[in-house]
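J.: build me a structure from this.
(chains A, B, C and D)
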Amino acid sequence: MQVRVKLFAAAREIVGHGEVAIELKEGSTVGDLMEGIFGRYPALKEMAGALVFAVNRELAERSMDLQDGDEVGVIPPVSGGTDV
Amino acid sequence: MQVRVKLFAAAREIVGHGEVAIELKEGSTVGDLMEGIFGRYPALKEMAGALVFAVNRELAERSMDLQDGDEVGVIPPVSGGTDV
Amino acid sequence: MYEVTEKPLSLEGVVSAITRRTCGAVATFVGIVREFSRGRQISYLEYEAYPEMAIAKMRQIEGEIREKWEIEQIAIHHRVGRLGIGEASVVIAVAAAHRQPALEACTYAIERLKQIVPIWKKEVSPDGSYWVGMGS
Amino acid sequence: MYEVTEKPLSLEGVVSAITRRTCGAVATFVGIVREFSRGRQISYLEYEAYPEMAIAKMRQIEGEIREKWEIEQIAIHHRVGRLGIGEASVVIAVAAAHRQPALEACTYAIERLKQIVPIWKKEVSPDGSYWVGMGS
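T.: Take a look at the predicted model:
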């Protein structure tokens, strides 16, 4: 199956693309998907603990099963800073 | 001495003028001034209990002494209604 | 930054007049003439002010706000005269570095304006007209 | 009434788009690019959104607001791309019959927007650039 991964902000800059299509085994989870991506982008892995994920535009746990055609958003960390 | 009386809204409509100049005895108070006006405008007297007064644009008690040249604002009642 | 005017109010004009390079937030409130008031259909409103005292009271409100919140600029423009439905009667804008003081000060300003600023309106409706005072 | 756009935002446009004959109050919030952020001089900002999810989250905020307050209309427009100092990054406007729900809902909307709407900004300053995330 294939999923579309959308990356934003710092995550997008590390990967170099805002969107990538990735082939996965049936039954893969968000966590499985991300392990594959982290393997290729160690700098992204460094912020792994702070990333959250959206599947089809709703926040999702890493344990969530993916389906063919899903859109997975990689949501970079919140800064915690407040300026306005 | 002379004071300028400014009237607004319902009070202005009753008196027929937004501003009148009134001659007063030395030592007159806001209350004395208003008694004279109420004598001429009974409809204004009907709302007397709800009126408040400003002397030189600051709220003032009826017992306040007036000075020559003072500006007395006659502030009609608050409706109590709220629309916005 | 206070005005009591017969001319139509410009929200954009008020906001750009008070925004500085140090401002990250502008909160505004616009009061608008509604079709209905207190259950009556409105034809139009007539606003009347005690302009000099209204401006003085707006300044007082600014003073109260500056004691409570860190804001940069505040503007209060109130229209007087005849206003049709959909027209703005009051525009309040507060600019601040941060959003919380801007929003809180704006809310405070409209509450205090209703309490202490001598502006009245006459609601003209098909079945008569009614003066509505400060506090409404 | 939701938009994520590269075009400059128009406060007046947003307000007139949401105002109905039944609205007596419009509260707005405008977020503006400041000269300084977290103590650093800002050259410009780059805003980036996950637009489809951002719009979905704005709708969610509207749903939350309508459970809490009686409002007529809400609009949230967020700009993306490069913004200079003084430019508006977000405009929120809430129209209601009465002032209290308009003001409270507007305050709620900007707080929730910062919490849940996936929009990031890169602060570009003479000494480097920094991504600042949701929640800031």
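J.: ranges for the helices of chain A?
T.: Here chain A has its helices, by DSSP state H, at A:9-15, A:30-40, A:42-46.
J.: tell me which of the ones you listed is the most buried.
T.: Comparing these by mean neighbour count (mean count of other CB atoms under 10 Å in any protein chain shown), helix A:9-15 ranks first with a mean of 21. Placement of C-beta: from N, CA and C, glycine included.
J.: is that one in proximity to chain D?
T.: Yes - Helix A:9-15 lies within reach of chain D by CB under 8 Å from any CB of the partner chain, at A:9-10, A:12-13.
J.: check contacts around C:R21.
T.: Taking CB atoms under 8 Å, 6 or more residues apart in numbering or on different chains, we find C:R21 in contact with D:34-35, D:85-86.
J.: now the buried members of the residues you listed.
T.: D:34-35, D:85 (16 or more other CB atoms under 10 Å in any protein chain shown).
J.: so can I have CSV of the residues you listed showing pLDDT, distance to chain B and secondary structure?
T.: Listed next are the buried ones among the contacts of C:R21 as CSV, based on pLDDT from 0 to 100; distance: CB to the nearest CB, whole Å; DSSP: H, G, I helix; E, B strand; the rest coil:
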residue, pLDDT, distance to chain B, secondary structure
D:R34, 92, 31, coil
D:E35, 90, 35, coil
D:I85, 95, 35, coil
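J.: test my guess that A:F53 contacts A:L66.
T.: No - assessed by CB atoms under 8 Å, A:F53 is found out of contact with A:L66, at 10.3 Å.
J.: what's the neighbour count on residue 25?
T.: Since no chain was named, I'll use chain A. By the criterion of other CB atoms under 10 Å in any protein chain shown, A:K25 has 8 neighbours.
J.: chain C is the one I meant
T.: 27.
J.: give me the element C:C106 is part of.
T.: In the assignment (DSSP states H and E), C:C106 maps to helix C:99-116.
J.: list the buried residues of that helix.
T.: Neighbour count says helix C:99-116 has C:99-110, C:112-114, C:116 buried, by 16+ other CB under 10 Å.
J.: that one near chain D anywhere?
T.: Yes - on the criterion CB under 8 Å from any CB, helix C:99-116 is in touch with chain D at C:99, C:102-103, C:106-107, C:110.
J.: closest one of the residues of helix A:9-15 next to chain D to C:Q73?
T.: Ranked by distance to C:Q73 (CB to CB), the residues of helix A:9-15 next to chain D are led by A:A9 at 32.2 Å.
J.: just list whatever residues bridge to the residue most central in space within chain A.
T.: The centre of chain A sits closest to A:V74, judged by CA atoms, centre = their mean, with a distance of 3.3 Å. Taking DSSP bridges as the rule, A:V74 bridges to A:L7, A:F53.
J.: state the pLDDT value of residue 63.
T.: All of this refers to chain A. Looking at A:S63, its pLDDT is 96.
J.: oops, I was thinking of chain C
T.: pLDDT for C:G63: 98.
J.: do C:G133 as well
T.: C:G133 carries a pLDDT value of 67.
J.: with C:Y47 instead?
T.: At C:Y47, the model reports a pLDDT of 94.
J.: in the helix or strand encompassing it, what's buried?
T.: Element membership for C:Y47, per DSSP H and E: strand C:44-49. Buried residues in strand C:44-49, counted by 16+ other CB under 10 Å: C:45-49.
J.: go through these and name the one nearest chain D.
T.: Ranked by distance to chain D (CB to the nearest CB), the buried residues of strand C:44-49 are led by C:L45 at 11.1 Å.
J.: and the closest one, what is it in contact with?
T.: By CB under 8 Å, 6+ apart, the contact list for C:L45 reads C:33, C:82-83, C:89, C:121-124.
J.: now the helices for chain C?
T.: C:11-18, C:51-68, C:99-116.
J.: so the last one, near chain A or not?
T.: In other words, helix C:99-116. Yes - for helix C:99-116 and chain A, the contact criterion (CB under 8 Å from any CB) is met by C:R99.
J.: show me where the chain dips below the pLDDT cut-off.
T.: I'll assume chain A. Scanning chain A for pLDDT under 70 picks out A:77-84.
J.: meant chain C, my bad for not saying
T.: Scanning chain C for pLDDT under 70 picks out C:133-136.
J.: what number of residues lie near the nearest residue to C:E123 once chain neighbours are set aside?
T.: Nearest residue to C:E123 in three dimensions, chain neighbours excluded: C:Y130, at 4.9 Å (CB to CB, 6 or more residues apart in numbering or on different chains). By the criterion of other CB under 10 Å, C:Y130 has 16 neighbours.
J.: from memory C:Y130 sits against C:E46, does it?
T.: No - C:Y130 lies out of contact with C:E46 (CB under 8 Å); the separation is 10.7 Å.
J.: give me the common contacts of the two.
T.: Here C:Y130 and C:E46 have C:K122 as joint contacts, going by CB under 8 Å, 6+ apart.
J.: kindly report the residues of chain C close to chain B.
T.: Neighbours of chain B within chain C, by CB under 8 Å from any CB: C:31-32, C:34, C:37-38, C:48-50, C:52-53, C:56, C:118, C:120, C:122, C:131-136.
J.: generate the ChimeraX command that creates a selection of the buried members of those.
T.: In ChimeraX, a selection of the buried entries from those looks like this (16+ other CB under 10 Å):
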select /C:31,32,34,37,48,49,50,52,53,56,118,120,122,131,132,133,134,136
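J.: for the spatially most central residue of chain C, give the beta-bridge partners.
T.: In chain C, the residue lying closest to the centroid (CA atoms, centre = their mean) is C:V90, at 3.3 Å. Going by DSSP bridges, C:V90 is paired in beta bridges with C:G31, C:H78.
J.: tell me the spacing between it and D:G31.
T.: Counting by CB to CB, to the nearest Å, the separation of C:V90 from D:G31 is 23 Å.
J.: same thing with A:L33?
T.: Distance of A:L33 to D:G31, computed by CB to CB: 34 Å.
J.: thanks a lot, catch you later.
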